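Participant: Starting from these lines, generate the structure:
(one chain, ligands or ions: 1)
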Amino acid sequence: MRLGYALPRSATPEDPIRLAVLISGGGSGLEALLNYQHDQPRCHRTILVLADSPHAGGLEHGSRHSVKSVSVPLPMKINKSERRVAHEHLIHDELVAADVELVVLSGYMRILTPWFVSRWKGRLVNIHPSLLPDFPGAHAHRDALAAGASVTGCTVHLVDEHVDSGLILAQRQVEVLPGEDEEALQERIKRIEHVLYPKTLDRLCSGQVSL
Ligand code: GAR
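Facilitator: Got it, this is the predicted structure:
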């Protein structure tokens, strides 16, 4: 088990990996994944959508596809120093109760603690809107534009204990257009993400990723 990753089992469309998608916002990536899984049997199936806010618009995509969709907000009554881990305990409990095999972060904007990562390492995937290791963090498009990058893109990677780090599974380049603003760049990168993420999950869930 190189680097401490324990990959998911090798699945088939008849017995797909049971995955949960974690979101924070509109969930266009979640919607693309649900449509992809709906088109034909895949070796992964979304059985749970989990948001860190009841206001996350993406919860509706899950409900529309008849997937259990719940919000697990930060437990504000718990004192601040213990709140993050307490929140992740609640999420972990939901994942275990649903018998989830793979956790897919899709626009989930919270940094996970080593406690959570250690429980899911190898079965915890993220998509980030830059060519990692360039422009990690919450403002990847803004940072790429500020740096004058002519090319950026998106990266699918296994999550490790560091921020936007971990084994890279796939990347796609996107050219930055002259005069393009943050919003336009974000939308164009999302369109690439919507194809790249489901296809990369196919590889991961059918045993085509080796460490
Ligand atoms: C996506 O572009 C994803 O790469 C990014 O958030 C967006 C979510 O969009 N994730 C991160 O920046 C994580 N650091 P969506 O809610 O429309 O799917």
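
Participant: ranges for the strands of this structure?
Facilitator: Counting by DSSP state E, the chain has strands at residues 17-23, 44-51, 68-71, 102-105, 124-128, 151-158, 168-175.

Participant: strands paired with the fourth one, and their directions?
Facilitator: Yep, that's strand 102-105 we're talking about. Sheet pairing here is set by DSSP bridges, and for strand 102-105 it gives strand 17-23 (parallel), strand 124-128 (parallel).

Participant: Which pLDDT does the model give the residue of the chain found nearest the ligand?
Facilitator: Distances from the chain to the ligand, computed as CB to the nearest ligand atom, single out Gly107 as the nearest residue at 2.6 Å. Any C-beta I mention is one placed from the backbone N, CA and C, and that applies to glycine too. At Gly107, the predicted lDDT confidence score is 98.

Participant: which residues sit in contact with it?
Facilitator: Shown in contact with Gly107 (CB atoms under 8 Å, 6 or more residues apart in numbering): 23-30, 58.

Participant: any idea how far Ser69 is from Leu59?
Facilitator: 5 Å (CB to CB, to the nearest Å).

Participant: For these two, list the residues in contact with both.
Facilitator: Taking CB under 8 Å, 6+ apart as the contact criterion, the residues that touch both Leu59 and Ser69 are 49, 51.

Participant: Next, format the strands paired with strand 102-105 as a markdown table and append mean pLDDT.
Facilitator: Output for the strands paired with strand 102-105, formatted as a markdown table (pLDDT from 0 to 100):
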| stretch | mean pLDDT |
| --- | --- |
| strand 17-23 | 98 |
| strand 124-128 | 98 |
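
Participant: Run a quick neighbour tally on Ser206.
Facilitator: By the measure other CB atoms under 10 Å, the count of residues near Ser206 is 18.

Participant: Leaving out chain neighbours, which residue sits closest to Ile168?
Facilitator: Sequence neighbours aside, His157 is the residue nearest to Ile168 in space, at 4.8 Å (criterion: CB to CB, 6 or more residues apart in numbering).

Participant: how close does the spatially closest residue to Ser24 that is not a sequence neighbour sit to Asp143?
Facilitator: Closest residue to Ser24 in three dimensions, ignoring its sequence neighbours and counting by CB to CB, 6+ apart: Met109, at 4.2 Å. When CB to CB is the yardstick, Met109 and Asp143 sit 15 Å from each other.

Participant: Give me the more crowded residue out of the two.
Facilitator: Neighbour comparison, Met109 and Asp143: the larger count goes to Asp143, with 17 against 13 (by other CB under 10 Å).

Participant: pLDDT wise, what is that one at?
Facilitator: In the prediction, the pLDDT value recorded for Asp143 is 98.

Participant: bridging residues for Glu175?
Facilitator: Beta-bridge partners for Glu175, by DSSP bridges, are Val151.

Participant: That one and Gly153 touch, don't they?
Facilitator: No: judged on CB atoms under 8 Å, Glu175 makes no contact with Gly153 at a distance of 9.0 Å.
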